[in-house]
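*Asks:* have a look at this fold, sequence not included:
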């Protein structure tokens, strides 16, 4: 019986085996190609995501909504406690709001006195969260804004309060944000008020560890952590979170962004600061010559300048 | 009659693809943004194995490969590797499906568990050799365990809902026919 079956399989076997071989070869080829030329395959991945996920969109919103409503029903049981907690927090917040208003006024006065110009180009694009990474090994979300809206790789994504992650992978209508909790996330930060620089290393937990602190003794739990802007990774000064100690005494970051409710994210436009190179050029190209020549050379210099940058 | 069987075959293949897409869809829902610290089962692999052992013609290698590759791409996994491993595992089971058919569920479950373990180990090994960043080992093992644990339920569900059962002597066998 078994022999018969095997023989009948042999009849169509070679074709099947060939097909199997081709499938395996293609799959392993894609994997090797990804290992060798990662950016190209990642672009392909972004395109696939861009074409597939929007097709799910019509169903995703209602299903997500329904599940969230069901979850909210569960939380009704704790309604009374939550209400009391919220009242207490509201009281504290009112105090803070008063303080913040006073500080804002004072800040505005001081800025005015000093004639400070803040970077005016810090604008943002808001996108809705469309899907998460779908895997417990990766922490990322998919936004419904993409290259069409001018999003570029490497820009920072925040919720209303704190940093959430950075853009990595842009399709035409979608962009992926690698969250700070992902294992591949490394963010240079500054700890305030001591000004120590450090790195936030994502490790697939809700509170990523803070490492490479120059002088760990001067950093205390509760210190604010902001991006340092080192290496041009992010604009400096974005709030990331607070230092906290875990039971084993390791420094971790309590994230300011509310990771439980990521619905809308702001993507900060970062057009890159102008860098000044060639320190002596301006002085050297102004020899004591008649005024007309100076004007011409000045014009040339301004024409060349953008090419250099 | 032959035509009828052909449409049945293709509708079951379409059902397999739909189920895989449904699983992918469910995993992509933005419900939990916090890292969970635990890993659920890889239902696509379990589904593919269950179907390959029952009605091999419903889950051809090309379809399995395509579905897992799509999952690889959408879930930010190294594309192609897990897909190739699942196809290989499914083929290993397919070649044993004739022997396993006559035994009970116990030996089948054991075989599937062994294949899943080998696949997980192979994935970690290949990624380690090629120096790719890897998730913590615990998560991988947890996923493997969850897949093995979920396998009986997948089998039960596909038997009850999609009527994917082992072919018994009395059934109208469509095994020998190549489509």
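*Replies:* Cool, the structure landed. What you see is a predicted model, and the numbers here were worked out from it, not measured in a lab. Numbering: from 1, shown residues only, chains lettered A, B, ... in the order given.
*Asks:* where along chain A do the helices fall?
*Replies:* A:2-36, A:38-75, A:79-114, A:281-284, A:291-308 (DSSP state H).
*Asks:* go on, chain B?
*Replies:* Assigned helices in chain B, in chain order: B:2-28, B:43-54, B:61-74, B:81-101, B:105-129, B:137-161 (criterion: DSSP H).
*Asks:* mean neighbour count, those: which tops it?
*Replies:* Sort the helices of chain B by mean neighbour count, taking mean count of other Cβ atoms under 10 Å in any protein chain shown, and helix B:43-54 sits at the top with a mean of 25. Quick note: C-beta positions are derived from backbone N, CA and C, even for glycine.
*Asks:* hmm, back to that, for residue B:64, which of the helices of chain A is the nearest?
*Replies:* Comparison of those against residue B:64 by Cβ to Cβ identifies helix A:2-36 as nearest, at 8.5 Å.
*Asks:* now do that closest one, average pLDDT.
*Replies:* If you average the pLDDT over helix A:2-36, you get 77.
*Asks:* same check on stretch A:263-277?
*Replies:* For stretch A:263-277, the mean per-residue pLDDT is 77.
*Asks:* give the residue spans of chain A that score low on pLDDT.
*Replies:* Residues of chain A that meet the criterion pLDDT under 70 lie in A:1-12, A:117-121, A:272-309.
*Asks:* what sits against residue A:226?
*Replies:* A:189, A:190, A:192, A:236, A:237, A:238, A:239, A:240 (Cβ atoms under 8 Å, 6 or more residues apart in numbering or on different chains).
*Asks:* sorry, slip of the keys, the one I care about is residue A:186.
*Replies:* Applying Cβ under 8 Å, 6+ apart, we find residue A:186 in contact with A:199, A:200, A:201, A:202.
*Asks:* tell me the domain ranges of chain A?
*Replies:* A:25-73, A:119-268 (automatic domain parsing).
*Asks:* and the shortest one, anywhere near chain B?
*Replies:* Yes: counting by Cβ under 8 Å from any Cβ of the partner chain, chain B is contacted by domain A:25-73 at A:26-32, A:34-35, A:41, A:45, A:48-49, A:52-53, A:56, A:59-60, A:63-64, A:67-68.
*Asks:* narrow these to those that are buried.
*Replies:* Buried residues within the residues of domain A:25-73 next to chain B, defined by neighbour count using 16 or more other Cβ atoms under 10 Å in any protein chain shown: A:26-28, A:30-31, A:34-35, A:41, A:45, A:48-49, A:52-53, A:56, A:60, A:64.
*Asks:* farthest-apart pair in those residues, please.
*Replies:* Farthest pair in those (Cβ to Cβ) is A:28 and A:64. Separation: 35.6 Å.
*Asks:* pretty sure residue A:24 sits against residue B:90.
*Replies:* No: contact criterion Cβ atoms under 8 Å: residue A:24 and residue B:90 do not qualify, at 11.1 Å.
*Asks:* how far off centre is stretch A:131-139?
*Replies:* Relative to its chain's centre, stretch A:131-139 lies at 15 Å (Cα atoms, centre = their mean, to the nearest Å).
*Asks:* and the contacts of that stretch?
*Replies:* A:53, A:56, A:60, A:140-142, A:178-179, A:181-183, A:185, A:202, A:204, B:24, B:27-33, B:35-36, B:38-40, B:71, B:74-77, B:135, B:139, B:143.
*Asks:* what distance separates the start and the end of it?
*Replies:* End-to-end span of stretch A:131-139 (Cα to Cα, to the nearest Å): 11 Å.
*Asks:* what about residue A:182, neighbour count?
*Replies:* If you count neighbours by other Cβ atoms under 10 Å in any protein chain shown, residue A:182 ends up with 23.
*Asks:* phi, psi for the residue nearest to it when sequence neighbours are not counted please.
*Replies:* Nearest in space to residue A:182, with sequence neighbours left out and distances taken as Cβ to Cβ, 6 or more residues apart in numbering or on different chains, is residue A:139 at 4.0 Å. Here is the backbone geometry of residue A:139 (degrees, to the nearest 10): phi -120, psi 100.
*Asks:* winner for burial among the domains of chain A?
*Replies:* domain A:119-268 (a mean of 18).
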